[in-house]
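S.K.: okay, sequence plus prediction incoming.
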Amino acid sequence: MRAVFQWNLGARSLELGKRTLIMGIVNVTPDSFSDGGKFLDSDKAMAHAERLLEEGADILDIGGESTRPGTKVDAGSAKQESPAASAAKPENSGNATTAQEELRRVLPVINELKKKHPSAVLSVDTYKADVARAGVSAGAEIVNDVSGFRWDARMAKTIAELKCGAVLMHSRGHPEDWRTLPPPGDIVLLVKRELKEWVEKAVLAGVRRERIVLDPGFGFGKRFEENYPLLARFDELQAAGFPLLAGTSRKSFIGRTLARNGKEVPVEARLSGTLATQTALILKGVHILRTHDVKAAVDAARVADAILLAR
């Protein structure tokens, strides 16, 4: 059985473990691997977010920057520059997205959602402290940081000051490095060890343990074959003593497994494979599933939760 937690989001808590919660993805980006450009317009993003709520999403994760393989991240400037200095830069530096541009994309959606759906639980998907602070000020209660608070040296302290919920995700290196990373050895042991180290650093910076959820980061610096040990041994992550989140939705390792005629299936043909991974994750103890396909995930989770309960 899964451990039950109360995830402290500041003004309220979410119960995790009695049933699987579904986090719906709202990408307000031009280049996300699955739906880049579809919801870049804030009105379209808002309509999409409301549809996900109607389909049963417990949390909406709103992101304004893609971290697909090969993407450059604006990590150095986030560590060294003030918001004013960042705002003075061009909107995009190479392939990176500045904090200014990221905020231009996500804040209208967060503001409108909180106005129309004040009880909705919103997460801002960012590795930048400035974006995290502005997103929480606008109404988000969770910061989902794919870098595990590492790409912006100010992030852990910012989370501590905001007193919000946080997802600390494991990622190897930066997206532009992922294709050339050396083999990790035992990927599960690596993820467990590094998540433990990063959590302790966050706690030392003032982030309270009851505000943290861990994510092993499927696909983030993990090659195709390295994701399956993480799935098969996902239950080992429960030993860390934190709630667990996972996002396998439409990932390329699923597309390769489902390859037809030697070709990876496109993202729109990966739902069945995604549901297989999500069911496995629930049976291995995941608390939250991050997904593009909310309605299907809600239905699958209801059945998988019933199996889990029957144990």
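M.R.: Everything's here; your move.

S.K.: Lys157: neighbouring residues, count only.
M.R.: Neighbour count of Lys157, defined by other CB atoms under 10 Å: 15. No exception for glycine: its C-beta is placed from N, CA and C like everyone else's.

S.K.: apart from its neighbours in sequence, what residue is nearest it?
M.R.: Leaving aside its chain neighbours, Lys157 sits nearest to Ala205 (5.1 Å; criterion: CB to CB, 6 or more residues apart in numbering).

S.K.: show the model's pLDDT score for that neighbour.
M.R.: pLDDT for Ala205: 98.

S.K.: contacting residues for it?
M.R.: 149, 156-157, 159-160 (CB atoms under 8 Å, 6 or more residues apart in numbering).

S.K.: now which of those residues would you call buried?
M.R.: Neighbour counting by 16 or more other CB atoms under 10 Å classes 149, 156, 159-160 among the contacts of Ala205 as buried.

S.K.: which one of those residues is nearest Asp186?
M.R.: Phe149 (23.7 Å; CB to CB).

S.K.: that's a helix at the closest one, yeah?
M.R.: No: per DSSP: H, G, I helix; E, B strand; the rest coil, Phe149 lies outside any helix segment and is coil.

S.K.: please tell me how far it sits from Ala205.
M.R.: With distances taken as CB to CB, to the nearest Å, Phe149 is found 8 Å from Ala205.

S.K.: still on that earlier bit, just the contacts of Ala205: which are in helices?
M.R.: 156-157, 159-160 (DSSP state H).

S.K.: need phi/psi at the spatially most distant residue from the centre of the chain.
M.R.: Within the chain, the residue lying farthest from the chain centre (CA atoms, centre = their mean) is Asn261, at 31.9 Å. Main-chain torsions, Asn261, degrees, to the nearest 10: phi 60, psi 40.

S.K.: and it, what is it in contact with?
M.R.: Contacts of Asn261 (CB under 8 Å, 6+ apart): none.

S.K.: pLDDT at it, what is it?
M.R.: Looking at Asn261, the pLDDT reads 92.

S.K.: tell me the spacing between it and Arg250.
M.R.: From Asn261 to Arg250 the distance is 20 Å (CB to CB).

S.K.: now Arg233
M.R.: Distance from Arg233 to Arg250, by CB to CB: 22 Å.

S.K.: between the two, which one's more packed in?
M.R.: Arg250 (23 against 17).

S.K.: ok, back up a step: and the buried ones among the contacts of Ala205, which is closest to Leu190?
M.R.: Of the buried ones among the contacts of Ala205, the one sitting nearest to Leu190 (CB to CB) turns out to be Phe149, at 17.6 Å.

S.K.: can you pull the pLDDT of the closest one?
M.R.: 97.

S.K.: list the residues that contact it.
M.R.: Counted by CB under 8 Å, 6+ apart, Phe149 has contacts 155-156, 159, 166, 168, 198, 201-202, 205.

S.K.: between the contacts of Ala205, which is closest to Lys18?
M.R.: Ile159 (25.7 Å).

S.K.: surely Tyr228 and Lys251 touch.
M.R.: No: using CB atoms under 8 Å as the test, Tyr228 is too far from Lys251 to be in contact (11.5 Å).

S.K.: okay, these two: which has more neighbours?
M.R.: The neighbour count for Tyr228 versus Lys251, taken as other CB under 10 Å, is higher for Lys251 (23 against 15).
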